[in-house]
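Asks: Fold the following for me, if possible:
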Amino acid sequence: MTTLFIKNMVCNRCIMVVQNELDKLGLPAVSVSLGEIVFEKEPSLEEKNNLAEALSALGFEMIDDKKSRIIEKIKNTIIELVHHQDNEAKTNLSDILSTRLHNDYNYLSNLFSEVEGTTIEKYFIAQKIERVKELLVYDELSLSEIAFQLNYSSVAYLSNQFKKTTGLTPSHFKQIKEEKRKPLDKV
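Replies: Just a heads-up that it's a prediction; the model follows:
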């Protein structure tokens, strides 16, 4: 088994697009997940180059160096936790990252800050706020349900973090989004 690491894969649609490119190129993969493609046997240099070119045209990038792979794994783990595993992350983020990436959290934290220019915590908060925005726009959950789903200790804490990050309260953000949306019959 051999693994190729891909940068900028952030959702299930990305996985589908990468899988589609692999199919077009005739490269059978054992699995495709966020940031990774696992092959039974290592693709040839020509196959790797063709894949890199096809993925680059779609906004993805193959990662070769170890530090970049670790950074991408950190990002993908956080994205998976925030966007795809509602209310499952009761454990500390530092414990989750250390366990999944088989590295000391201090090393991961320092590396992330050095390469990305921000902390893991700030990146995690930014992802959570993006998820809150998404859920507010869907308008299916109350703010207290959103706070529970994203493991906030209270609605007040969520609201404070949202305002600190966006400059708006959640209700003002929701109001602005509703004003910009036109009813289907007016489009």
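
Asks: ok, T165 - how many residues close by?
Replies: The burial count assigned to T165 is 16, neighbours taken as other CB atoms under 10 Å. Placement of C-beta: from N, CA and C, glycine included.

Asks: if we look at the strand or helix carrying H172, which residues are touching it?
Replies: Under the criterion of DSSP states H and E, H172 resides in helix 170-180. Residues outside helix 170-180 that contact it (CB atoms under 8 Å, 6 or more residues apart in numbering) are V132, K133, L136, V137, D139, L143, L158, S159, F162, T166, L168.

Asks: so what's the second one closest to, chain neighbours aside?
Replies: With sequence-adjacent residues excluded and distances taken as CB to CB, 6 or more residues apart in numbering, K133 is closest to F173, at 6.7 Å.

Asks: which ones are touching the residue nearest to K41 when sequence neighbours are not counted?
Replies: By the measure of CB to CB, 6+ apart, the closest residue to K41 outside its immediate chain neighbours is T2, 7.0 Å from it. The contact partners of T2, by CB under 8 Å, 6+ apart, come to V38, F39, K41, E42, P43.

Asks: out of those residues, which are buried?
Replies: When neighbours are counted using 16 or more other CB atoms under 10 Å, the contacts of T2 contain these buried positions: F39, P43.
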